[in-house]
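sequence first, then the predicted structure, then my questions.
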Amino acid sequence: MVANPKSIRGWMKNGVIVPEPGSDIPDGSEVRLMVVAENAHGPVAFTPEEQAEFEGWDRLGDQAWAMIDEWEREEVDGSR
């Protein structure tokens, strides 16, 4: 457990929680979620750049994800 927990805003997008830009959450970190009621103006809108990035990730297929996983394993193993 983190000695000094911090709060990071994020949004649910297609079943994935997207943290606010600039968030630095190390892989393997335990996180806790708290759903916050929407404000009177509705959900937070994404910028066109953020939306384009999300759509790009959505287009990636299983093969691309497998390649990314392999590259990450190579970096950890030092076999690169």
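Good, I have the coordinates.

just give me the residue closest to the centre of this structure.
For the chain, the residue nearest the mean C-alpha position is V18 (4.1 Å; CA atoms, centre = their mean).

contacts for the helix or strand containing that residue, please.
If you go by DSSP states H and E, V18 is part of strand 16-19. For strand 16-19, the surrounding residues in contact (CB atoms under 8 Å, 6 or more residues apart in numbering) are 8-12, 25, 33, 54. (Glycine included, C-beta is placed from N, CA and C.)

and the residue nearest to the centre of the chain, how far is that from G10?
Distance check for V18 against G10: by CB to CB, to the nearest Å, it reads 6 Å.

got the contacts of strand 16-19 as a markdown table, with neighbour count and secondary structure columns?
Shown next, in a markdown table, are the contacts of strand 16-19 (neighbours: other CB atoms under 10 Å; DSSP: H, G, I helix; E, B strand; the rest coil):
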| residue | neighbour count | secondary structure |
| --- | --- | --- |
| I8 | 13 | coil |
| R9 | 10 | coil |
| G10 | 15 | strand |
| W11 | 14 | strand |
| M12 | 11 | strand |
| I25 | 11 | coil |
| L33 | 8 | coil |
| F54 | 15 | helix |
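
closest to V76 among the residues you listed?
I25 (17.9 Å; CB to CB).

with adjacent residues omitted, what lies nearest to the closest one?
P19 (6.4 Å; CB to CB, 6 or more residues apart in numbering).

burial of that neighbour, as a residue count?
13 (other CB atoms under 10 Å).

which residues pair with it across the strands?
For P19, the beta-bridge partners under DSSP bridges are G10.

mind pulling up the pLDDT for it?
The score at P19 is 85. That number is its pLDDT.

for W65, same thing?
For W65, the pLDDT comes out at 82.

where does the closest residue in space to N14 that isn't next to it in sequence land in three-state SS?
Closest residue to N14 apart from its sequence neighbours, by CB to CB, 6+ apart: D58 at 6.6 Å. Secondary structure assignment for D58 (DSSP: H, G, I helix; E, B strand; the rest coil): helix.
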